[in-house]
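Undergrad: Just to be clear, the model below is a prediction. Sequence and coordinates:
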Amino acid sequence: MKPENVVLSDDGKSVVIIDQTRLPNRVEHLTLNSPEHFYDAIRELKVRGAPAIGICAGMGLYVLANLSGADDEDSFLEEMRRNASYLDSSRPTAVNLKHALDRVAQAALSQRGKGTGAMLEAMRNECISIQKEDMFICKAISEYGLTLVNDGDGVLTHCNAGPLATSCYGTGLGTLLLGKERGYTFRVYTDETRPLMQGARLTAYELNKAGIDVTLICDNMASIVMKQGRINACFVGCDRVAANGDTANKIGTSGVAVLAKHYGIPFYVFCPSSTIDFNCKSGAEIVIEEREPEEIKTNFFEEPIAPAAVKCYNPAFDVTDAELITAIVTEKGICRYPYTESLKICKAGGYHAV
């Protein structure tokens with residue numbers, strides 16, 4: 001499986017992405033080659049999913065440096081720092097964005113004194129490495145995920161954590177896609193994921209394209225399909241994991257976790273180990289992005305669905321408490337509660353504890 005959602009051009013002067021806001025009805029590509037292009041693509045969710053955002057931003061920082069007119073190292077690095085800060089401000093919740101920017105910037109700094117050409121080569125190698133690493137990570141996460149399910153299981157998903165959100169396979173959807181390749185049969189129920197409909201527009205699109213049995217449901221239907229015994233496990237990705245195991249993911253995730261706990265259904269979070277943030281003690285410290293009210297009132301509708309004077313509260317993420325999570329699945333192994341210990345082991349080297 002080769003990445004198609006975020007691709008660095010051969011000349012290193014642009015990044016081509018699939019515009020996720022146009023899916024599922026149209027597959028359109030955008031060419032990004034300016035600070036505003038990259039910022040807007042991330043902010044407006046044309047590229048989305050924590051790993052994909054990091055990959056795009058890392059490549060973007062290299063592209064902008066490659067297009068820079070700076071002819072000395074100090075000017076080159078100062079411009080790079082400005083671009084990195086600007087791109088980092090596009091979305092505050094996902095840790096992968098800053099992580100990728102820091103890696104590419106550090107690659108440039110490691111070549112200080114050798115000229116801007118050496119810096120550019122190091123940046124290019126680093127952003128390509130980030131994407132290749134994510135490909136390996138997604139496959140490993142998917143392998144571990146297959147140990148948690150059985151052929152014929154019913155799985156509930158929320159939001160989108162497939163190839164569009166990563167590099168290949170995905171995190172939350174990776175197990176389903178890899179399982180399909182190996183002959184597993186799953187019955188997937190996909191929450192639409194209001195207000196931006198990532199489940200309906202993206203997850204249902206990816207699973208249907210892969211030939212997986214997928215049924216779209218409204219977010220408020222999750223309880224009934226659980227009560228009816230249709231769900232054996234819940235699969236979600238995440239954008240940040242706190243040191244205590246609290247996780248931030250798309251708004252509505254914590255509600256699914258509460259329902260799963262009530263009905264005795266395993267609730268699994270899938271993410272790369274780079275998403276674990278030990279500088280964040282608990283979910284209370286995670287900055288939750290708030291987005292424009294128009295996303296609730298006017299997106300996907302010909303006319304506003306609420307009076308113009310009505311206020312909207314539109315947090316993009318919520319925090320799922322560690323106690324509600326059955327396991328956190330990373331490329332290094334499967335972490336179990338209490339996460340304060342298992343996450344440290346995972347970050348240090350990993351283990352496989354089913």
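TA: Structure's in. What do you need? Model, not experiment: these values are computed from the prediction.

Undergrad: Could you use CA atoms for every contact and neighbour count after this?
TA: Noted.

Undergrad: Helices of this protein, start to end?
TA: 35-43, 50-66, 73-88, 95-109, 116-146, 174-181, 198, 204-209, 222-227, 253-263, 294-297, 339-348 (DSSP state H).

Undergrad: Tell me, please, where in this protein the pLDDT is lower than the cut-off.
TA: Applying pLDDT under 70 to the chain flags residues 1, 350-354.

Undergrad: Would you map out the domains in it?
TA: With automatic domain parsing serving as the domain definition, the record reports that the chain contains domains spanning 6-138, 144-348.

Undergrad: and the end-to-end length of the first one?
TA: So that's domain 6-138. Across domain 6-138, the terminal residues are separated by 15 Å (C-alpha to C-alpha, to the nearest Å).

Undergrad: residues touching R43, list them.
TA: For R43, the contacting residues are S90, R91, by C-alpha atoms under 8 Å, 6 or more residues apart in numbering.

Undergrad: Hmm, R291 is touching N314, no?
TA: Yes: R291 lies in contact with N314 (C-alpha atoms under 8 Å); the separation is 5.5 Å.

Undergrad: circling back to that earlier point, for the helices of the chain, which one ends up most surrounded?
TA: Each of those was scored by mean neighbour count; the highest is helix 50-66, a mean of 28, by mean count of other C-alpha atoms under 10 Å.

Undergrad: Just the angle for that one relative to helix 95-109, thanks.
TA: Note on geometry: by axes from the mean of the first three to the mean of the last three C-alpha atoms, to 10 degrees, helix 50-66 and helix 95-109 are set 30 degrees apart in direction.

Undergrad: Which strands and helices lie in contact with helix 50-66?
TA: Secondary-structure packing of helix 50-66 (3 or more C-alpha pairs under 8 Å, 6 or more residues apart in numbering; DSSP states H and E): strand 6-8, strand 15-18, helix 35-43, helix 73-88, helix 95-109, helix 116-146.

Undergrad: how about these in TSV, adding distance to P304?
TA: Below are the helices and strands packed on helix 50-66 laid out as TSV (distance: least, C-alpha to C-alpha, whole Å):
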stretch	distance to P304
strand 6-8	33
strand 15-18	28
helix 35-43	22
helix 73-88	31
helix 95-109	33
helix 116-146	39
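
Undergrad: Of those, which is nearest S254?
TA: S254 sits nearest to helix 95-109 of all these, at 18.8 Å, using C-alpha to C-alpha.

Undergrad: and the closest one with helix 73-88, angle?
TA: 170 degrees.

Undergrad: How far off centre is helix 95-109?
TA: With C-alpha atoms, centre = their mean, to the nearest Å as the basis, helix 95-109 stands 17 Å off its chain's centre.

Undergrad: Which strands and helices lie in contact with that helix?
TA: In terms of contacts (3+ C-alpha pairs under 8 Å, 6+ apart), helix 95-109 is packed against helix 50-66, helix 73-88, helix 116-146.

Undergrad: Including distance to D219, could those helices go into JSON lines?
TA: Rendered in JSON lines, the data for these read as follows (distance: least, C-alpha to C-alpha, whole Å):
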{"stretch": "helix 50-66", "distance to D219": "22"}
{"stretch": "helix 73-88", "distance to D219": "30"}
{"stretch": "helix 116-146", "distance to D219": "24"}
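
Undergrad: any idea how far K261 is from Q20?
TA: 32 Å.

Undergrad: and what of F317?
TA: Note on F317: its distance to Q20, by C-alpha to C-alpha, is 18 Å.

Undergrad: Could you do Y39 as well?
TA: To Q20, Y39 is 15 Å away according to C-alpha to C-alpha.

Undergrad: Give me the buried stretch members for stretch 274-291, please.
TA: Under the neighbour-count criterion of 16 or more other C-alpha atoms under 10 Å, stretch 274-291 has S274, T275, I276, D277, F278, C280, K281, S282, G283, I286, I288, R291 buried.

Undergrad: With stretch 181-188 instead?
TA: Along stretch 181-188, the positions that meet the burial threshold by neighbour count (16+ other C-alpha under 10 Å) are Y184, T185, F186, R187, V188.

Undergrad: Next, count neighbours for D10.
TA: As a burial measure, the neighbour count of D10 was computed by other C-alpha atoms under 10 Å and equals 8.

Undergrad: Show me what D213 bridges to in the sheet.
TA: According to DSSP bridges, the partner residues bridging D213 are R187.

Undergrad: Double-check it against Y205; I have them as touching.
TA: No: in this structure D213 lies outside contact range of Y205 using C-alpha under 8 Å: 11.4 Å.

Undergrad: Identify the contacts common to those two.
TA: Both D213 and Y205 lack any common contacting residue under the criterion C-alpha under 8 Å, 6+ apart.

Undergrad: Need the contact partners of stretch 259-267.
TA: Identification of contacts with stretch 259-267 by C-alpha under 8 Å, 6+ apart yields 222-223, 226-227, 231-235, 257, 324-327.

Undergrad: Of those, which is the nearest to D11?
TA: Nearest to D11 out of those is F235 (C-alpha to C-alpha; 38.3 Å).

Undergrad: how close does I42 sit to I53?
TA: According to C-alpha to C-alpha, I42 stands 7 Å off from I53.

Undergrad: Same question for V269.
TA: V269 is 19 Å from I53, where distance means C-alpha to C-alpha.

Undergrad: ditto for Q131
TA: With the distance defined as C-alpha to C-alpha, Q131 ends up 11 Å from I53.

Undergrad: Equivalent analysis for I296, please.
TA: Computed with C-alpha to C-alpha, the distance linking I296 and I53 is 23 Å.
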